[in-house]
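J.: Predicted structure and sequence below. I'll ask about it afterward.
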Amino acid sequence: RLRVDHAYPEQESYVLSIHTLFSPLIGMEPVINVRKPDPRTGKVYKSMYFRTLSFSCLNIFHDLFYKNKTKVVPLNIGDLLTPRGGASSLNYGGRSVYIR
């Protein structure tokens, strides 16, 4: 299962574009999550997320980006991303895309 979770509303368009890309694998609309206030600052953060349905074909991504339950960037990341994919990842910080 892939979960995409990014800051809302700052990265809403990115989440929606990824949602469209994965739409055949998704059984839900994006959800806006309002978190509890940060105890240090009192600021309330929001995010937008969605999850795919569970498919064993997504396990390859987990195997590439997680080692011993820790997120890692593969040494061959340049071989795995197209120029557009790399630019998109940098543009949006590559934040909070993970697989359970």
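T.: Alright, I've got the coordinates.

J.: Which parts of the protein are strands?
T.: Using DSSP state E, the strands of the chain run over residues 2-7, 31-34, 46-51, 66-67, 70-71, 97-99.

J.: Please export the C-alpha coordinates of stretch 5-17 as CSV.
T.: Taking C-alpha atoms only, stretch 5-17 is exported to CSV below (Å, rounded to 0.1, in the frame of the first residue of the first chain):
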residue,chain,number,x,y,z
ASP,A,5,1.0,12.7,2.4
HIS,A,6,2.0,16.3,1.8
ALA,A,7,1.5,19.8,3.4
TYR,A,8,-2.0,21.3,2.7
PRO,A,9,-2.7,23.7,1.0
GLU,A,10,0.9,24.3,-0.2
GLN,A,11,1.2,21.0,-2.0
GLU,A,12,-2.4,20.3,-2.9
SER,A,13,-1.8,20.4,-6.7
TYR,A,14,1.0,17.9,-6.4
VAL,A,15,-1.1,15.5,-4.3
LEU,A,16,-3.9,15.8,-6.8
SER,A,17,-1.6,15.1,-9.7
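
J.: Output the lowest mean pLDDT helix or strand found in the chain.
T.: strand 97-99 (a mean of 49; mean pLDDT, DSSP states H and E).

J.: and residue 35, what does it touch?
T.: Taking CB atoms under 8 Å, 6 or more residues apart in numbering as the criterion, residue 35 is in contact with 44-47. All C-beta atoms are positioned from the backbone trio N, CA, C, and that covers glycine.

J.: Now distance to residue 57 and pLDDT too, for those, in a markdown table please.
T.: Compiled in a markdown table, those are given as follows (distance: CB to CB, whole Å; pLDDT from 0 to 100):
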| residue | distance to residue 57 | pLDDT |
| --- | --- | --- |
| 44 | 37 | 98 |
| 45 | 32 | 97 |
| 46 | 31 | 98 |
| 47 | 26 | 98 |
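
J.: And those residues, which two are furthest apart?
T.: Checking these against each other with CB to CB, the farthest-apart pair comes out as 44 and 47, at 11.2 Å.
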